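Asks: Output the structure for:
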Amino acid sequence: MKMSLDARIYVAGHRGLVGSAIWRALAAAGHTGLIGRARSELNLLDATAMRQFYEQEEPEFVFVAAAKVGGIRANDIQPADFLFENLQIQNNLIEGARLAGVKKLLFLGSSCIYPKHAPQPLKEEHLLSGPLEPTNEWYAIAKIAGLKLCQAYRRQYGCDFISAMPTNLYGPNDNYDLESSHVLPALIRKFHEAKTSGSPTVTCWGTGSPRREFLHADDLARACVFLMQNYDEEQFINVGSGSDITIRELAELVRRIIGFRSEIVWDTTRPDGTPRKLMDSSRIFALGWRPQIDLETGIALAYQDFLQHGGGE
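Replies: Numbering: from 1, shown residues only. Here you go, the predicted structure:
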């Protein structure tokens, strides 16, 4: 289903890393009917408030980019919050969209939905084929429930609700808090602070051996708009860059971009998480979408964003 340039489009989570990128992509494409609400304006945990919002605004298309997110430590110490709040947010958004007669909805999941030891690269059919990574299973279970809810609504109610599973993301409006951020923004902050303080070392978690795939948020946003315009199947679809890198190689790349010249120390008492996460994105590649921002360019752009907005001096 095509989105006209004047269609009413609600981007849930439009101030976050992913939502702000979707908003930029839609605006750049000439869409004029964009709808966004800050957390202070609309509580996504409140089902009644969500239904009233849908009734008043009557969006035709919805991008579900709102979620409670965080890294390994945040997931580990707040399991109840990550499970309950994400279930509540997505249930309210998806059920509200059904009741309001939304034409099409895109739900965004996460690569952590896949089993810890699933074959690499991760194919869509590997879902629910083994145990999850324990350090983020609460978030993963919520995301699995969300994509299954979209599938169920499609089957039972005929709703054109689709789901996309992005790989690890980074870019403007990322979270650089060392207690709750993901690995790439955490590395950017660590190396920047070590450089400015003149520290002789930077300590990174784990062994540096896990392999991770990264995608710039603006590339994901283009993929989301592309899928909303061109994809309408029950099967969720992976969105990744198609290549991965070790955390050790990533740390060296960030160090070089930031200009930190001292030593990296690896704290092997800290968890590594999943050994490898590379997604098979062949299905979306076959539809005609490809990422445009290479990792080195993207990290340099992310560092500039950090210096402007993330707490860098």
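
Asks: what's the distance between the closest residue to residue 128 other than its chain neighbours and residue 111?
Replies: Nearest in space to residue 128, with sequence neighbours left out and distances taken as CB to CB, 6 or more residues apart in numbering, is residue 144 at 7.3 Å. The C-beta positions use only the backbone N, C-alpha and C, and glycine is treated the same way. Residue 144 is 12 Å from residue 111, where distance means CB to CB, to the nearest Å.

Asks: neighbour count winner among these two?
Replies: More neighbours surround residue 111 than the other of residue 144 and residue 111, with 23 against 20 (other CB atoms under 10 Å).

Asks: contacting residues for that one?
Replies: Residue 111 makes contact with 122, 165-168, 213, 238, 240, 277, 279 under the criterion CB atoms under 8 Å, 6 or more residues apart in numbering.

Asks: In terms of helices and strands, where is the nearest residue to residue 85 once chain neighbours are set aside?
Replies: Of all residues not flanking residue 85 in the chain, residue 68 sits nearest, at 4.6 Å (CB to CB, 6+ apart). Here residue 68 is covered by no helix or strand, with elements defined by DSSP states H and E.

Asks: The chain should start at 531 in everything you say after this.
Replies: Understood, numbering begins at 531; the last thing we discussed is residue 598.

Asks: Surely residue 598 is in contact with residue 618?
Replies: No: counting by CB atoms under 8 Å, residue 618 is not a contact partner of residue 598; they are 9.5 Å apart.

Asks: Strands of this protein, residue ranges please.
Replies: Taking DSSP state E to define them, one finds strands in the chain at 538-542, 563-565, 591-594, 634-638, 691-696, 698-700, 731-735, 741-742, 744-746, 767-769, 775-776, 793-797, 806-807.

Asks: Residues touching the third one, excluding its own?
Replies: Residues outside strand 591-594 that contact it (CB under 8 Å, 6+ apart): 533, 537-543, 549, 552, 620, 623-624, 627, 632-638, 676, 754, 758.
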